[in-house]
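Undergrad: Whatever this is, show me its structure:
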Amino acid sequence: MSDVVLKGLRKSFGALEVIKGVDLHVASGEFCVFVGPSGCGKSTLLRMISGLEEQTSGMIEIGGRDVSRAEPKDRGIAMVFQSYALYPHLTVRENIGFGLSLARRPKAEIAEKVAEVARVLQLEDYLDRKPKALSGGQRQRVAIGRSIIRDPQVFLFDEPLSNLDAALRAQMRIELTELHARLGTTMIYVTHDQVEAMTMADKIVVLNGGRIEQVGAPMDLYDNPATPFVAGFIGSPKMNLYEGETARALGAGSVYGIRPEHVTLSESGGLWTGTVRHVERLGADSIIHIEATGLGPLVARVEGHRAFAPGQIVHASPIDGREVRY
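TA: Next up, the predicted model:
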């Protein structure tokens with residue numbers, strides 16, 4: 001078993017408390033993603049699990065064992081960072097096997113394990129290359145391979161794809177998800193990108209200001225956001241949110257929300273009337289930015305071939321039952 005359990009975890013830097021009492025259970029074999037804006041505490045939380053940062057109070061258990069005061073090397077974890085941190089003078093083969101070489105494991109054992117890791121990560125054709133001869137995605141796979149070879153209980157990923165371009169990030173999301181399916185190892189992954197969280201996670205932990213806002217499966221958070229913060233953070237484009245008198249006029253207590261994909265547009269009639277300000281054509285979809293009377297800015301997501309233009313008067317309506325109210 002490789003469950004990760006956090007109990008009352010807190011972290012302060014002097015008078016500043018950055019993690020404010022976190023309780024969480026990551027089940028064995030889960031792909032769990034910590035997501036939130038910059039400064040929310042997600043990387044600090046990951047570093048405490050790894051042992052690179054000492055908690056002020058609380059308990060960390062990995063595989064049923066209290067590791068709260070254990071050294072990183074004794075926690076059964078492997079960590080992959082944003083930077084690849086490869087040795088430039090070593091080949092891919094030597095980089096992957098470096099930890100085992102340092103531990104003076106038999107050469108035959110190292111060769112066998114390196115070959116297996118290279119097969120899993122599709123690096124077999126690159127084993128004799130130096131890092132400078134690899135693409136960014138290949139370098140990141142080598143960094144992951146160096147962790148896999150240690151056979152850890154838990155993998156920790158700290159924004160590992162943020163240095164890659166958009167196409168490589170999309171490719172690596174698929175590769176990491178497939179890798180998790182093959183290994184079945186518990187993985188905890190930190191990102192500020194809610195698209196990464198939605199497309200990769202079994203479980204998402206949304207953090208805000210050092211606290212957990214909501215924990216759940218991706219579509220649970222999308223369909224049933226527990227707080228206005230989660231509603232506005234999960235989903236792309238972000239949810240339309242209205243507060244105060246506008247929210248109360250729409251039947252909400254303090255906040256009313258509707259996702260762009262749940263707004264219908266018509267040229268003949270609807271609940272709201274507005275003027276198109278801008279159109280983003282994405283191919284299959286178009287994002288329509290509207291200045292709506294009585295609402296203010298409203299964003300709608302429609303089928304890409306529908307013809308809307310700046311300055312056009314349109315009528316918008318929410319799809320019944322898809323609104324959120326707080």
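
Undergrad: Run through the stretch 201-326 of the chain and note the low-pLDDT ranges.
TA: Within the stretch 201-326 of the chain, no range satisfies pLDDT under 70.

Undergrad: could you pull out the strands for it?
TA: Secondary structure of the stretch 201-326 of the chain, counting by DSSP state E, counting those that start in this stretch: strands at 203-208, 211-216, 240-243, 255-258, 263-266, 272-281, 285-292, 296-303, 313-318, 324-325.

Undergrad: And for the stretch 1-150 of the chain?
TA: 4-13, 16-26, 31-35, 57-62, 65-66, 77-80.

Undergrad: can I get those in a markdown table with mean pLDDT?
TA: Converted to a markdown table, these look like this (pLDDT from 0 to 100):
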| stretch | mean pLDDT |
| --- | --- |
| strand 4-13 | 97 |
| strand 16-26 | 97 |
| strand 31-35 | 98 |
| strand 57-62 | 98 |
| strand 65-66 | 96 |
| strand 77-80 | 92 |
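
Undergrad: most packed of these?
TA: strand 31-35 (a mean of 25; mean count of other C-beta atoms under 10 Å). Placement of C-beta: from N, CA and C, glycine included.

Undergrad: Report all helices and strands that it contacts.
TA: Packing contacts for strand 31-35, counted by 3 or more C-beta pairs under 8 Å, 6 or more residues apart in numbering; DSSP states H and E, involve helix 42-50, strand 186-191, helix 194-200, strand 203-208.

Undergrad: Swap in 10 Å and give it another go.
TA: Judged by 3 or more C-beta pairs under 10 Å, 6 or more residues apart in numbering; DSSP states H and E, strand 31-35 is in contact with strand 16-26, helix 42-50, strand 154-158, helix 166-183, strand 186-191, helix 194-200, strand 203-208, strand 211-216.

Undergrad: got the angle between the second one and strand 4-13?
TA: Put plainly, it is helix 42-50. 120 degrees (axes from the mean of the first three to the mean of the last three C-alpha atoms, to 10 degrees).

Undergrad: residues in contact with the nearest residue to F34 once chain neighbours are set aside?
TA: Of all residues not flanking F34 in the chain, K42 sits nearest, at 4.1 Å (C-beta to C-beta, 6 or more residues apart in numbering). Each residue near K42 by C-beta atoms under 10 Å, 6 or more residues apart in numbering is listed here: 19, 33-36, 158-159, 188-192, 205-208, 210.

Undergrad: repeat for G145
TA: Here G145 is in contact with 80, 92-93, 95-97, 113-114, 116-118, 120-121, 123 (criterion: C-beta under 10 Å, 6+ apart).

Undergrad: now I96
TA: Here I96 is in contact with 86, 90, 110, 113-115, 117-118, 121, 123, 127, 141-149 (C-beta under 10 Å, 6+ apart).

Undergrad: out of these, which are buried?
TA: Taking 16 or more other C-beta atoms under 10 Å as the criterion, what is buried in the contacts of I96 is 86, 90, 110, 113-114, 117-118, 121, 123, 127, 141-149.

Undergrad: Centre-most residue in this structure?
TA: A197 (3.2 Å; C-alpha atoms, centre = their mean).

Undergrad: Please report the distance of that one from M219.
TA: 12 Å (C-beta to C-beta, to the nearest Å).

Undergrad: for T293, same thing?
TA: Counting by C-beta to C-beta, the gap from T293 to M219 is 33 Å.

Undergrad: what does G210 give?
TA: From G210 to M219 the distance is 26 Å (C-beta to C-beta).

Undergrad: between the two, who's got more neighbours?
TA: Neighbours per residue (other C-beta atoms under 10 Å) separate G210 from M219, with G210 holding more: 22 against 11.

Undergrad: wait, what's in contact with that one?
TA: Neighbour list for G210: 10-12, 16-22, 36, 39-42, 44-45 [criterion: C-beta under 10 Å, 6+ apart].

Undergrad: repeat for E178
TA: Counting by C-beta under 10 Å, 6+ apart, E178 has contacts V120.

Undergrad: 7 Å instead?
TA: Contact analysis of E178 by C-beta atoms under 7 Å, 6 or more residues apart in numbering lists nothing.

Undergrad: before we move on, what about E71?
TA: Contacts of E71 (C-beta under 7 Å, 6+ apart): G51.

Undergrad: re the thing from before, who's in contact with the residue nearest to the centre of the chain?
TA: A197 neighbours (C-beta under 7 Å, 6+ apart): 33, 35, 191, 204.

Undergrad: Now do the contacts for the second one.
TA: When contacts are counted by C-beta under 7 Å, 6+ apart, V35 is found next to 42, 191-192, 194, 197, 204, 206.

Undergrad: Could you do the first one as well?
TA: Under the criterion of C-beta under 7 Å, 6+ apart, the contact list for V33 reads 189, 191, 197, 200-201, 204-205.
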